[in-house]
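[1] Could you work out the structure for the sequence below:
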Amino acid sequence: MSVAVLLAVLGAALLHASWNAAIKLQGSKVGGMLAMTFGQGLIGLLVALGRPLPSVEAWGWILGSALVHTSYQIFLAWAYEKGDLSRVYPIARGSAPLMVLVVGSVLLPDRLAPLE
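    Numbering: from 1, shown residues only. Below you'll find the predicted structure:
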């Protein structure tokens, strides 16, 4: 692994842990999470302005993804209000692969191999 990749991974891990800790330390967890989500949306919009628009077929997936991600962040903030960061964070991070497994196998045509 190159030094640049290692630094990028470590930097991403630091930023990820930092925003979770920052939300936990906020007075209003949901308000802080909504403010951060709004800020992320503005940054994404600025980046998107320099790119071509996605195809019509992609917009349903884009809006659905935004809804799921925003809901996840609101529920995460609510969980931070109710529980300790050291307990909530691992459960929240570990539940995402399980949700993908359920949605993929129940709602989408994904099939798991025996070792998966």
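
[2] Find the residue at the geometric middle of the chain.
    Nearest to the mean C-alpha position of the chain, by CA atoms, centre = their mean, lies residue 69 at 5.5 Å.

[3] Tell me the secondary structure at that one.
    Of the three states, residue 69 takes helix under DSSP: H, G, I helix; E, B strand; the rest coil.

[4] What of residue 54?
    Assigned state for residue 54: coil (three-state reduction, three-state DSSP).

[5] ditto for the one 5 residues further on
    Per three-state DSSP, the secondary structure class of residue 59 is helix.

[6] Test my guess that residue 33 contacts residue 20.
    No: with contacts counted by CB atoms under 8 Å, residue 33 stays clear of residue 20, the gap being 10.1 Å. Glycine gets a C-beta too; all of them are placed from N, C-alpha and C.

[7] Look at these two and report which has more neighbours.
    With other CB atoms under 10 Å as the criterion, residue 33 and residue 20 differ in neighbour count, and residue 33 comes out ahead with 23 against 17.

[8] What distance do you get for that one to residue 19?
    9 Å (CB to CB, to the nearest Å).
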